[in-house]
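A.B. asks: structure, please.
(2 chains)
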Protein chains: 2
Amino acid sequence: MARLWRALRRARGWAALAGLRARPDKFGGVSVDLGELRQPPRVERAAFGRWLRESVAQWRQEGRIAVWLRVPILQSGLVATAASQGFAFHHAEQGSSTLTLWLGEGPSRLPGFATHQVGVAGAVLDESTGKVLVVQDRNKTINAWKFPGGLSNPGEDIGDTAVREVFEETGIKSEFKSILSIRQQHQHPGAFGQSDMYIICRLQPSSFNISFCQQECLSCEWMDLEELVRTKNSTPITSNVAKLLLYGYREGFDKIDITMREFPAVYTGLFYKLYHRELPESYRNIT
Amino acid sequence: MARLWRALRRARGWAALAGLRARPDKFGGVSVDLGELRQPPRVERAAFGRWLRESVAQWRQEGRIAVWLRVPILQSGLVATAASQGFAFHHAEQGSSTLTLWLGEGPSRLPGFATHQVGVAGAVLDESTGKVLVVQDRNKTINAWKFPGGLSNPGEDIGDTAVREVFEETGIKSEFKSILSIRQQHQHPGAFGQSDMYIICRLQPSSFNISFCQQECLSCEWMDLEELVRTKNSTPITSNVAKLLLYGYREGFDKIDITMREFPAVYTGLFYKLYHRELPESYRNIT
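C.D. replies: Predicted coordinates:
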């Protein structure tokens, strides 16, 4: 009797697998989502292995160049089976992983997953006093002055990250004015070996009473911009951007600003932000 | 006899698990790497489940705020077991996945994985003729003129991506001069729902005979910059950056350039690149 149940269960698992849809994409690949096994019967690894081998053989025959396989986290046992047939992780997020197998000629031409984290800091300058908002981080070996900032949240715009992080760390409210600098760094220890894009923005304060986060910061103050430019006690990038800011403060922010414009996106119906040097009206309006 | 072997195997699996090192990190978390199970004995999911539950209870008691668990792809069966105890994927790359469990108070404060892909295009301007290099992509519904470009490879600098992609698509050799514009776009369909950073660089050509990639491009030509500015047959971002480039071509590239400087990195011993507006010597040398 037990043997019969096992056989039945296996047959149901096989039937469920056979019902999976393989969706072709316009790049010549095919996608399968194991999340479509609704209230999944227990799919035996051996049965899945047979099904996958036969399916891949068929896709190869049809001239497909790649297979994308999405696996819900609770069915990750099937990941090992796919891996033993040459699949590798493309990426994973929270409750599922996505694997790929390249079937085309030569090395894989599949696009990779996200490669960069984006950190943003805010250089908040009080133009009436010439003072700029600086912090010292907790838990650092060197207590150098720097601009408050942190990692952007998924889907967050550069300027919004700067304003949010400045407020969370220092209690100061501010408004985005421009991008001042962009740093790209690879194999970043704080980015799980990935790349880091670190952007410093120019912000204008709309409040002035500091109430800094004791968890993140050791100290926080409004410092004379000239003092920040001259102190040894800051990071090289802070010192450099302080000089840039001083140049703009003295000779006009138009010398240093990378300003923002918003455009409607072609694909998503959302808007996107484009940052570049100010373009005079006469050039903007050429048609 | 078979039963005895199974019991022995189970005991060996348990002993192997007990020997795993849990490495504390400076943020109050603890990391375990299942890749350290060398020539792993078959670890039973049930045994792993018991071991993980007991270990997590202990780490919680010790005041640890998070657990990081790295799992080689061939042992992904254990991922499902960890998931049933509340672990979720943090990220996965090729041959392994990394899961996390937050033990601290409130919502997780763990840093996320990379959120952005970075695409780079090159606006290659032949200053002697006022012509700029443009392509039309294959496999697009609208055949609009645009600057050649593509996704950056892991660890690749912005300027290097621009030069490489321009050469691969058009056969033109060039040199990086500056960044002209940066676009940030979220929920990007071509980025697996992640964010996209798209950077256009100004490049100077060092060769002029086009030999374009038939696989990627439908057509490729040197086009009068003024014609590109005026044509309806280009994307909004191309048109906008063409106007910017025309402004720089006529009135000086210093009006539009975001230039690059290289600095030694504090952490890695590598160099990083910082992009910002040209800073006059007099300001650079303030000490």
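
A.B. asks: close to chain B, is whichever strand or helix holds A:C220?
C.D. replies: For A:C220, the enclosing helix or strand under DSSP states H and E is strand A:217-224. No. Judged by Cβ under 8 Å from any Cβ of the partner chain, strand A:217-224 makes no contact with chain B; its nearest approach is 13.2 Å. All C-beta atoms are positioned from the backbone trio N, CA, C, and that covers glycine.

A.B. asks: could you pull out the buried residues of that strand?
C.D. replies: In terms of neighbour count (16 or more other Cβ atoms under 10 Å in any protein chain shown), strand A:217-224 has its buried residues at A:C217, A:C220, A:W222, A:M223.

A.B. asks: the next helix-or-strand element following that strand and chain B, any residue contact?
C.D. replies: Sequence order places helix A:225-230 as the next helix or strand after strand A:217-224, per DSSP H and E. Yes. Shown here: helix A:225-230 in contact with chain B (Cβ under 8 Å from any Cβ) through A:V229, A:R230.

A.B. asks: who are the packing partners of helix A:225-230?
C.D. replies: With contacts defined as 3 or more Cβ pairs under 8 Å, 6 or more residues apart in numbering or on different chains; DSSP states H and E, helix A:225-230 has these neighbours: strand A:131-137, helix A:236-251.

A.B. asks: what about the last one, average pLDDT?
C.D. replies: So that's helix A:236-251. Averaged across helix A:236-251, pLDDT comes to 96.

A.B. asks: packing partners for that helix?
C.D. replies: strand A:116-126, strand A:131-137, strand A:174-185, strand A:195-205, helix A:225-230, strand B:259-264, strand B:271-276, helix B:281-284.

A.B. asks: redo those as JSON lines? Include mean neighbour count.
C.D. replies: Formatted as JSON lines, the entries for the helices and strands packed on helix A:236-251 read as follows, by neighbours: other Cβ atoms under 10 Å in any protein chain shown:
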{"stretch": "strand A:116-126", "mean neighbour count": "25"}
{"stretch": "strand A:131-137", "mean neighbour count": "22"}
{"stretch": "strand A:174-185", "mean neighbour count": "22"}
{"stretch": "strand A:195-205", "mean neighbour count": "24"}
{"stretch": "helix A:225-230", "mean neighbour count": "19"}
{"stretch": "strand B:259-264", "mean neighbour count": "14"}
{"stretch": "strand B:271-276", "mean neighbour count": "19"}
{"stretch": "helix B:281-284", "mean neighbour count": "12"}
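
A.B. asks: among the ones you listed, which comes closest to B:G77?
C.D. replies: For the helices and strands packed on helix A:236-251, proximity to B:G77 was assessed by Cβ to Cβ; strand A:116-126 is nearest, at 30.3 Å.

A.B. asks: tell me what angle the closest one forms with strand B:116-126.
C.D. replies: Going by axes from the mean of the first three to the mean of the last three Cα atoms, to 10 degrees, strand A:116-126 is angled at 80 degrees with respect to strand B:116-126.

A.B. asks: any residue of strand A:116-126 up close to chain B?
C.D. replies: Yes. Under the criterion of Cβ under 8 Å from any Cβ, chain B is reached by strand A:116-126 at A:H116, A:Q117, A:V118.

A.B. asks: quick one: that strand to chain centroid distance?
C.D. replies: The chain centroid and the centroid of strand A:116-126 are separated by 16 Å under Cα atoms, centre = their mean, to the nearest Å.

A.B. asks: now for the lowest-mean-pLDDT helix or strand in chain A, which elements pack on it?
C.D. replies: Here the helix or strand of chain A ranked lowest by mean pLDDT, DSSP states H and E is helix A:2-18, holding a mean of 73. Where contact means 3+ Cβ pairs under 8 Å, 6+ apart, helix A:2-18 is packed against helix A:45-61.

A.B. asks: now what about the helix it packs on, what contacts it?
C.D. replies: Contacts to helix A:45-61, defined as Cβ atoms under 8 Å, 6 or more residues apart in numbering or on different chains, come from residues A:10, A:13-14, A:17-18, A:22, A:30, A:32, A:67, A:77-78, A:80-82, A:84-85, A:101, A:103.

A.B. asks: which ones are touching the spatially most central residue of chain A?
C.D. replies: Centroid check for chain A by Cα atoms, centre = their mean gives A:Q117 as the closest residue, at 4.7 Å. With contacts defined as Cβ under 8 Å, 6+ apart, A:Q117 is in contact with A:151-152, A:188, A:191, A:194-197, B:111-116.

A.B. asks: save the residues you listed as a markdown table, and put in distance to A:R3 too.
C.D. replies: Formatted as a markdown table, those follow (distance: Cβ to Cβ, whole Å):
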| residue | distance to A:R3 |
| --- | --- |
| A:L151 | 55 |
| A:S152 | 56 |
| A:H188 | 55 |
| A:A191 | 53 |
| A:Q194 | 50 |
| A:S195 | 55 |
| A:D196 | 57 |
| A:M197 | 59 |
| B:P111 | 51 |
| B:G112 | 48 |
| B:F113 | 45 |
| B:A114 | 49 |
| B:T115 | 51 |
| B:H116 | 54 |
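
A.B. asks: nearest residue to A:G130 other than its sequence neighbours?
C.D. replies: Spatially, and ignoring its direct neighbours in sequence, A:G130 is nearest to A:L225 (5.4 Å; Cβ to Cβ, 6 or more residues apart in numbering or on different chains).

A.B. asks: got it, and A:G193?
C.D. replies: The nearest residue in space to A:G193 (Cβ to Cβ, 6+ apart) is A:Q187, at 5.8 Å.

A.B. asks: now that neighbour: how far from A:L20?
C.D. replies: A:Q187 is 39 Å from A:L20, where distance means Cβ to Cβ, to the nearest Å.

A.B. asks: same check on A:D137?
C.D. replies: For A:D137, the distance to A:L20 equals 50 Å [Cβ to Cβ].

A.B. asks: on that earlier part again, now the angle between strand A:195-205 and the strand holding A:C220, please.
C.D. replies: 50 degrees.

A.B. asks: ok, strand A:217-224: who's next to it in the sheet?
C.D. replies: Strand partners for strand A:217-224, identified by DSSP bridges, are recorded as strand A:131-137 (antiparallel).

A.B. asks: give me the residues contacting the strand it pairs with.
C.D. replies: By Cβ under 8 Å, 6+ apart, the surrounding residues in contact with strand A:131-137 are A:122-126, A:143-148, A:166, A:169-170, A:172, A:205, A:210, A:212, A:216-225, A:228, A:234, A:238, A:242, A:245.

A.B. asks: now do stretch A:217-227
C.D. replies: Residues contacting stretch A:217-227 (Cβ under 8 Å, 6+ apart): A:125-126, A:129-138, A:143, A:145, A:148, A:169-170, A:208, A:210, A:212, A:242, A:245-246, A:249.

A.B. asks: what residues sit buried inside the least confident helix or strand of chain A?
C.D. replies: A:R10, A:G13, A:W14, A:A16, A:L17.

A.B. asks: and stretch A:256-264, does that touch chain B?
C.D. replies: Yes. For stretch A:256-264 and chain B, the contact criterion (Cβ under 8 Å from any Cβ) is met by A:I256, A:D257, A:I258, A:R261, A:F263, A:P264.

A.B. asks: these two touch, right, A:R42 and A:A11?
C.D. replies: No. Using Cβ atoms under 8 Å, A:R42 makes no contact with A:A11, being 11.7 Å away.

A.B. asks: ok, back up a step: chain center to the helix or strand just after the least confident helix or strand of chain A: distance?
C.D. replies: Using DSSP H and E, the helix or strand that follows helix A:2-18 towards the C-terminus is strand A:23-24. Distance of strand A:23-24 from the chain centroid (Cα atoms, centre = their mean) equals 27 Å.
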